[in-house]
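Novice: predicted model and sequence follow; I will ask about them next.
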Amino acid sequence: TGCFTYDNGFTATASCKSAITYIDGDAGVLMYRGYPIEQLAEHSSFLEVAYLLMNGELPTEQKFASFADDIAHHTMLHEAFKQFIGGFRHDAHPMAMLMGMLGSMASFYHNNHDYDDPEQRHLAAIRLIAKVPTIAAACYRYSMGWPLRFPRNNLEYVTRFLHMMFEVPSEPLQMNPVAAKALDLLFILHADHEQNASTSTVRMVGSTGANPYACIASGVAALWGPAHGGANEAVLKMLNEIGSPANVQNAIDKAKDKESGFRLMGFGHRVYKNFDPRAKIIREMTYKVLNELGVNDPLLDVAMKLEEAALKDDYFIQRKLYPNVDFYSGIIYKALKIPTDMFTVMFAIARTSGWVAHWLEQQADPEQKIGRPRQIYVGHDKRDYVAIDKR
Ligand code: CMC
């Protein structure tokens, strides 16, 4: 059957060399380009982190200003996108729309683009980081039946996005700076996570030399699943279903019962076996943000009770299952009035910065090869064809 190592789910295979993100799952360490996530969360901004991931170093003031200008310059969408988005059903899931729209960008930026040229690759990365929030907001507004808004390029990245989402023509948007700061922080925490399923997908597609917009669309596809980025949406649905702290024990018992097919969403991680450092930051932030925004969400009580009960339970202790990045993020998105089906889109906006950084790193790597895993064949031995009337 071949002499390959069988590594179901790639638990022990390094698929590439990368200088972008470091994780030590046992110690709960996450660093982007050597900078601890805790320090970036406290002092940096999402756009600065995007620059860091792409370029390897923190920018000087001048470099940052020029990067932010470049991004602002590329936030607009071609008018033809309006027709494209108008073709979706009114109730289409925004992740499906985002995936389709990004895929269609490959048709806008393909024929005249030579992605062997590092400058063209850089431009594609800038375009992607710039346009994904515009597309995301357009998906939301389309689902609401609202007219699309132009990006206001005098605003900074996250505030610009919130304006595109929520602004209505008749009244100026009352933007709470706490909301923008909270979203910026969530974007920093979601920006990159080395060879997770979606980033590995982007690299796999990138390894064939495919168009960069097609690569990122494939990343969105992989992110959507509930075992990956779709977990944030699934957590909120789960908390709603549990409904009150009194029902928490039932949920724990159901998650322990393999027959039930139910898992505690927002719990467990392939790499983190002690704690997820992002979850630790988000947990603290959730109390603070809800407090500052004056939001009293009963789901927070459900989440806290669920976490407490799971962390005391032998099933979760033995399997080293802790809350992950997605356990509390949905409660914050909800407090920011972002609808549940947009949660994974928020993750995608942030992760686009990581995806493009990995794509750039891969394309510049002289050692890069097409991704082509082998398999352990478990099918029939050789047998002879039987005519249809003899079967
Ligand atoms: N609830 C109940 N049991 C669980 C859970 C959970 N959330 N997660 C893992 N287990 C059990 C699993 O049944 C298995 O038990 P046993 O050893 O008895 O067969 C054991 O723990 C190991 O699980 P696994 O599925 O082999 O672990 P994995 O590394 O393949 O999966 C995971 C990691 C994140 C997919 C999984 O923990 C999970 O499904 N979690 C819920 C979904 C979720 O929150 N995903 C977001 C991940 S973080 C953000 C991101 O990556 O996008």
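Specialist: Yep, that arrived.
Novice: surely R160 meets P151?
Specialist: Yes. Contact status for R160 versus P151: in contact at 5.5 Å, counting by CB atoms under 8 Å. In short, each C-beta sits where N, CA and C put it, glycine included.
Novice: what is the neighbour count of N250?
Specialist: Neighbour count of N250, defined by other CB atoms under 10 Å: 10.
Novice: meant to ask about G354, not that
Specialist: G354 - counted by other CB under 10 Å - has 26 other residues nearby.
Novice: also A136?
Specialist: Applying other CB under 10 Å, we find 24 residues neighbouring A136.
Novice: mind pulling the model confidence for it?
Specialist: On pLDDT, A136 comes in at 97.
Novice: list the contacts for it?
Specialist: By CB atoms under 8 Å, 6 or more residues apart in numbering, the residues touching A136 are P94, L98, F161, M165, M342, V345, M346, A348, I349.
Novice: so what sits against both of R160 and P151?
Specialist: A72, T75, P133.
Novice: going through those, which ones are buried?
Specialist: Buried residues within the shared contacts of R160 and P151, defined by neighbour count using 16 or more other CB atoms under 10 Å: A72, T75, P133.
Novice: what strand or helix carries the first one?
Specialist: If you go by DSSP states H and E, A72 is part of helix 61-73.
Novice: give me the buried positions along that helix.
Specialist: Residues of helix 61-73 classed as buried by neighbour count (16+ other CB under 10 Å): F67, A68, I71, A72.
Novice: if I've got this straight, E361 is in a helix?
Specialist: Yes. E361: assigned to a helix according to DSSP: H, G, I helix; E, B strand; the rest coil.
Novice: any idea of the mean pLDDT in stretch 61-73?
Specialist: On average, stretch 61-73 scores 98.
Novice: again with stretch 372-391
Specialist: Here the average pLDDT along stretch 372-391 is 96.
Novice: picking up where we left off before, after the helix holding A72 comes which helix or strand?
Specialist: Following helix 61-73 in sequence order, the next helix or strand is helix 80-86 (DSSP H and E).
Novice: wait, which of the contacts of A136 is closest to Y32?
Specialist: I349 (16.7 Å; CB to CB).
Novice: sorry, back to before: which elements pack onto the helix holding A72?
Specialist: Other elements packing on helix 61-73 under the criterion 3 or more CB pairs under 8 Å, 6 or more residues apart in numbering; DSSP states H and E are helix 46-55, helix 118-144, helix 157-166.
Novice: for those, which one sits closest to R372?
Specialist: With CB to CB as the criterion, R372 lies closest to helix 118-144 of these, at 22.7 Å.
Novice: buried sites along that closest one?
Specialist: For helix 118-144, burial by neighbour count (16+ other CB under 10 Å) applies to 121, 123-143.
Novice: again, but for stretch 335-342
Specialist: A335, L336, I338, P339, T340, D341, M342.
Novice: how about stretch 303-317?
Specialist: A303, M304, K305, L306, E307, A309, A310, D313, F316.
Novice: so is it next to the ligand?
Specialist: No. Remark: stretch 303-317 sits outside contact range of the ligand, by CB under 6 Å from any ligand atom, the gap being at least 7.2 Å.
Novice: also stretch 170-186?
Specialist: No. Between stretch 170-186 and the ligand, judged by CB under 6 Å from any ligand atom, nothing touches; the nearest distance is 12.5 Å.
Novice: what pLDDT, on average, does that stretch get?
Specialist: Throughout stretch 170-186, pLDDT has a mean value of 86.
Novice: one step back: possible to save the buried residues of helix 61-73 as CSV with distance to F187?
Specialist: Converted to CSV, the buried residues of helix 61-73 look like this (distance: CB to CB, whole Å):
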residue, distance to F187
F67, 15
A68, 15
I71, 13
A72, 16
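Novice: need these in CSV (columns: distance to the ligand).
Specialist: CSV is the format used below for the buried residues of helix 61-73 (distance: CB to the nearest ligand atom, whole Å):
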residue, distance to the ligand
F67, 27
A68, 27
I71, 25
A72, 29
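Novice: ok, so of the residues you listed, who is nearest M238?
Specialist: Among the buried residues of helix 61-73, and counting by CB to CB, the member closest to M238 is I71, at 35.4 Å.
Novice: quick one: the closest residue to the closest one other than its chain neighbours from the ligand, how far?
Specialist: Ranked by CB to CB, 6 or more residues apart in numbering and with sequence neighbours excluded, the top spatial neighbour of I71 is A130, at 4.6 Å. Noted for A130: a distance of 24 Å to the ligand, by CB to the nearest ligand atom, to the nearest Å.
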